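> I would like the atomic coordinates for the input below:
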Amino acid sequence: MKSFVILGISLLTCIMFGVVKTFAYAPPKSSENVTVKKVKFKNRIEITVVGNLYTPKNLDKTKKYPAIIVGHPFGGVKEQTAGLYAQKLAEKGYITLAFDASFYGESGGTPRKIEVPEIRVEDYSAAVDFMSNYPLVDEDKIGVVGICGGGGYAVSAAQIDHRIKALATVSMYDMGRARRQGVGDTLSYEARMKTLDEIGKQRTREFRGEKRKDIRALPIKVDETTPKYAREFIEYYENPERGLHPNSNGWYSYTSLAPMMNFFPFAQIETISPRPVLFIVGENAVSKYFSDDAYSKATEPKELFVIKNATHVDLYDVPEYMGQALEKLDNYFKQYLKY
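Below you'll find the model as predicted:
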């Protein structure tokens, strides 16, 4: 179980082996109703961010439309659940963008696969920069959906970027709390201090040229001791019919744990008001307490939408549950982006 305390500081959740579910949604592709094209733009740190832009084919090119930016989970990429949400929302008439966070996927930034919370937050604002200048987008009608770890970063971004007119999260993870206290707040203060001691030593070693240490946000080996939530992540990220992608293998730098521990995405959440916040979460999600916490600290207008019987990863792509999330998102953005 010790290894899972460290993995738990990661963030992933999963379905039980032996439970049969139907996955009708394939990884996002162009459809008869939506055009997908790759776009690039720079963030404030001059890192090139790469995204997929989803545009409904029947748009009147003389008008401007609401836009939704979708951020992927920690360790994920734009081609997985973020792209799927972007595609499905575009089919409902929105111009949408799913982008790779800096240091991941096709986006720039070196060294690769490191976590810098401030830059993850900045990427959202850079996406708003791009969308607010896109010819078909109404710059006063831009919303954001952050999924899993991307949800915590989206909350932080909305606190300082007033161009985000409506914020929603799906299966949100507070990456700072997860790193400080572990999944379910199971990590002790003493264990956290010990980890920080080791991170300092590792930085010293890497500075003098020793090999970088990477860790995996997914279990390296699955057996009878593997928690259900961890199996669910494996079932998603290692399944070619769901989330398997060459740019997403769950590995990242060990020293990233320190700045992540210093990330407090809900510190100013009340300042998002009077702009609205919607938290969508599965009733049985291991991460539900993050959305509960954020909801309790946010001010009106706010809503916590709980999808019965759903787990964390169910909301990534399982039609029964994702369909409910999409319907809620559509109604929410129609109301607050006045579409």
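> C-terminal to the host helix or strand of Leu304, what's the next element?
According to DSSP states H and E, Leu304 maps onto strand 302-307. Downstream of strand 302-307, the first helix or strand assigned by DSSP H and E is helix 314-317.
> Report the rounded mean pLDDT for that following helix.
Across helix 314-317, the average pLDDT comes to 98.
> Likewise for stretch 46-63?
For stretch 46-63, mean pLDDT rounds to 96.
> Now the terminal residues of it, how far apart.
With C-alpha to C-alpha, to the nearest Å applied, stretch 46-63 spans 31 Å between its terminal residues.
> could you measure Tyr94 against Val34, distance?
10 Å (C-beta to C-beta, to the nearest Å). No exception for glycine: its C-beta is placed from N, CA and C like everyone else's.
> who's more crowded, the two?
Tyr94 (26 against 22; other C-beta atoms under 10 Å).
> Surely that one is in contact with Lys334?
No. Contact between Tyr94 and Lys334 fails when scored by C-beta atoms under 8 Å: they sit 9.5 Å apart.
> returning to that earlier point: what touches both of Tyr94 and Val34?
Pro56 (C-beta atoms under 8 Å, 6 or more residues apart in numbering).
> For the one residue sitting closest to the centre of the chain, which three-state class applies?
Against the mean C-alpha coordinate of the chain, by C-alpha atoms, centre = their mean, the closest residue is Gly150 at 2.4 Å. Of the three states, Gly150 takes helix under DSSP: H, G, I helix; E, B strand; the rest coil.
> what's the answer for the one 4 residues further on, then?
What three-state DSSP gives for Ala154 is helix.
> Pull the residues that contact the strand holding Leu304.
273, 276-283, 288, 291-292, 295, 314-315, 321, 324-325, 328, 332.
> Figure out how far it is from the centre of its chain.
Between the centre of strand 302-307 and the centre of its chain there are 17 Å (C-alpha atoms, centre = their mean, to the nearest Å).
> tell me which residues in that strand are buried?
By neighbour count on 16 or more other C-beta atoms under 10 Å, the buried set for strand 302-307 is Lys302, Leu304, Phe305, Ile307.
> which secondary structure elements does whichever strand or helix holds Tyr321 contact?
Using DSSP H and E, Tyr321 maps to helix 319-336. Secondary-structure packing of helix 319-336 (3 or more C-beta pairs under 8 Å, 6 or more residues apart in numbering; DSSP states H and E): helix 81-90, strand 137-147, strand 166-170, strand 277-282, strand 302-307, helix 314-317.
> Determine which stretch of these is the most buried.
strand 166-170 (a mean of 29; mean count of other C-beta atoms under 10 Å).
> Could you confirm Ile68 falls within a strand?
Yes. Ile68: assigned to a strand according to three-state DSSP.
> Tell me if Pro159 really is in a helix.
You called it Pro, but residue 159 is Gln. Yes. When classified by three-state DSSP, Gln159 is found to be part of a helix.
> Would you quantify the distance from it to Tyr252?
Distance from Gln159 to Tyr252, by C-beta to C-beta: 25 Å.
> Kindly report the same for Ala258.
13 Å.
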